[in-house]
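sequence below, structure please.
(2 chains)
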Amino acid sequence: MVYSDKVIDHYENPRNVGSLDKEAEDVGTGIVGAPECGDVMKLQIQVEDGVIKDAKFKTFGCGSAIASSSLATEWLKGRTVEEAAEIRNVDIVEELALPPVKIHCSVLAEGAIKQALADFQNKQGGEPASTEE
Amino acid sequence: MLDPFSLLELPHTFDLEACVLRGALLKGSMQWHPDRFALANEIERAEAEDRMAALNQAHEKLSDPLQRAEALLTLHGQALGNGTDQTSSPMFLMEMMEIKEGADAALASGNDERLAKITASLKDNEQQRIHAISLAFRDWETAGRPDDQLDSLRGLVTEAVYVRRTLDGIRPAPTH
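Numbers count the residues shown, from 1 in each chain, chains lettered A, B, ... in the order given. Reported below is the predicted structural model:
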């Protein structure tokens, strides 16, 4: 299978690799996996006044899984929580020109984003971030 | 395409001893072994070869308890997803991630001893899960195969497959 240039770029120079403190009040963590291939993807966001200030990921998986999560962190930074919830796996498929057999990688990334947002919102007690000290 | 149990003319059950599986393969071979078709025409020979290959494949699949469990789930409309299953608990996934991180670090630093430890503990983990799956499938069959247990069976199998893939993903350290 041939990877697109964008996948190779993200794979060779992954953006925002790392971890944030998953216990912190302003951090949301999402972790998803693909049992069939053993992939696991962790994606974290740090939110300030409703805007995603930082995003980090750590992925064990194929080039497409790494590229999908790397791209997701790039897209997340600077977005509001509401805007972040609008990212769809098809956008990732399109941007990275993923072939059909690798679409599940983008589904994983979307799942990780959703989980991270939900985790963050849970920590805020269901309220949008703002009044936390 | 017949399911592996039907191919080997075996009942759809988890409880299949190795000798029963072997017997079923032998029975099938008596009918379809290509040697028996040495004098047959090309079409018949090709069919025999296909049948024999399918029998061998079914035997291999059912001889592995984890794949046998998967085959049973598939028969009950609970086939494992194509890599998009997101039902595993975050705690389990975090554990798998930490194991992978540990294995990566051990590989990078050439710490064979550490890597061997991680591999051994994963193998142990896999065996324990397979044991639990065996018990769960037997209970389920004894209880008359209630549908409401399928979800939990699927969860058990999914996590065990995960552990196995994680194990496969750790390249063994060079022996020299």
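
now the chain, which segments are flagged as low pLDDT?
No chain was given, so I picked chain A. By pLDDT under 70, the low-scoring segments of chain A are A:1, A:126-133.

let me rephrase: I mean chain B.
Along chain B, the model assigns pLDDT under 70 to residues B:81-87, B:171-176.

tell me which residue is most central in it.
Averaging the C-alpha coordinates of chain B gives a centre point, and the residue nearest to it by CA atoms, centre = their mean is B:Gln67 (2.3 Å).

show me the longest helix that occurs in chain A.
The longest helix of chain A (DSSP state H) is helix A:103-123.

packing partners for that one?
Counting contacts by 3 or more CB pairs under 8 Å, 6 or more residues apart in numbering or on different chains; DSSP states H and E, helix A:103-123 packs against strand A:27-34, strand A:39-48, helix A:63-76, helix A:81-84, helix A:89-96. Bear in mind the C-beta positions are built from the backbone N, C-alpha and C, glycine included.

could you give the angle of the first one to helix A:63-76?
To tie it back to what came earlier, the one meant is strand A:27-34. Per axes from the mean of the first three to the mean of the last three CA atoms, to 10 degrees, the angle that strand A:27-34 makes with helix A:63-76 is 160 degrees.

list the neighbouring strands of strand A:27-34 plus their orientation.
strand A:39-48 (antiparallel) (DSSP bridges).

scan chain B for its longest helix.
From DSSP H, the single longest helix across chain B is helix B:112-142.

that helix and chain A in contact?
No: if you take CB under 8 Å from any CB of the partner chain as the test, helix B:112-142 misses chain A, and the best it gets is 11.0 Å.

can you list the buried residues in the helix or strand following that helix?
As assigned by DSSP states H and E, the chain's next helix or strand after helix B:112-142 is helix B:150-169. Neighbour-count burial for helix B:150-169 flags B:150, B:153-167, B:169 (criterion: 16 or more other CB atoms under 10 Å in any protein chain shown).

okay, now residue 29: neighbour count?
Let's take chain A. Applying other CB atoms under 10 Å in any protein chain shown, we find 23 residues neighbouring A:Thr29.

my bad, chain B
Using other CB under 10 Å, B:Ser29 has 17 other residues around it.

tally up the residues packed near B:Met96, please.
Applying other CB under 10 Å, we find 26 other residues in the vicinity of B:Met96.

my read: it touches B:Val163, true?
Yes: using CB atoms under 8 Å, B:Met96 is in contact with B:Val163, at 7.5 Å.

out of the buried residues of helix B:150-169, which are close to chain A?
Okay, of the buried residues of helix B:150-169 touching chain A (CB under 8 Å from any CB), that's B:Thr158, B:Glu159, B:Val161, B:Tyr162, B:Arg164, B:Arg165, B:Thr166, B:Gly169.

nearest to chain A, of those?
Of all those, B:Arg165 has the smallest distance to chain A: 2.8 Å, by CB to the nearest CB.

who are the contact partners of the spatially closest residue to the closest one that is not a sequence neighbour?
Spatial nearest neighbour of B:Arg165, chain neighbours left out: A:Gly38 (2.8 Å); criterion: CB to CB, 6 or more residues apart in numbering or on different chains. For A:Gly38, the contact set (CB atoms under 8 Å, 6 or more residues apart in numbering or on different chains) comprises A:Phe60, A:Gly61, B:Met96, B:Tyr162, B:Arg164, B:Arg165, B:Thr166, B:Asp168, B:Gly169.

how about the nearest residue to the first one, chain neighbours excluded?
Translated: A:Phe60. Once flanking residues are discounted, A:Phe60 sits nearest to B:Lys100: 4.6 Å by CB to CB, 6+ apart.

buried ones in the strand or helix carrying the one you found, by neighbour count?
Assigned by DSSP H and E, B:Lys100 belongs to helix B:90-108. Across helix B:90-108, burial judged by 16+ other CB under 10 Å covers B:Phe92, B:Leu93, B:Met94, B:Glu95, B:Met96, B:Met97, B:Ile99, B:Lys100, B:Gly102, B:Ala103, B:Ala106, B:Leu107.

ditto for stretch A:22-31
Going by neighbour count (16+ other CB under 10 Å), the buried part of stretch A:22-31 is A:Asp26, A:Val27, A:Gly28, A:Thr29, A:Gly30, A:Ile31.

one step back: next, the angle from the longest helix of chain A to strand A:27-34.
Interaxial angle of helix A:103-123 relative to strand A:27-34 (the same axes, to 10 degrees): 150 degrees.

just the C-alphas of helix A:103-123, formatted as CSV.
Extracted in CSV, the C-alpha atoms of helix A:103-123 (Å, rounded to 0.1, in the frame of the first residue of the first chain):
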residue,chain,number,x,y,z
ILE,A,103,-10.5,4.6,7.3
HIS,A,104,-10.7,3.0,10.7
CYS,A,105,-7.7,5.0,11.7
SER,A,106,-9.6,8.2,11.2
VAL,A,107,-12.6,6.8,13.1
LEU,A,108,-10.2,6.1,16.0
ALA,A,109,-9.0,9.7,15.9
GLU,A,110,-12.6,11.0,15.9
GLY,A,111,-13.4,8.7,18.8
ALA,A,112,-10.4,10.0,20.7
ILE,A,113,-11.4,13.6,20.2
LYS,A,114,-14.9,12.9,21.4
GLN,A,115,-13.7,11.1,24.4
ALA,A,116,-11.2,13.9,25.3
LEU,A,117,-13.9,16.5,25.0
ALA,A,118,-16.4,14.4,27.1
ASP,A,119,-13.7,13.8,29.7
PHE,A,120,-13.0,17.6,29.9
GLN,A,121,-16.7,18.4,30.1
ASN,A,122,-17.2,15.9,32.9
LYS,A,123,-14.5,17.5,34.9
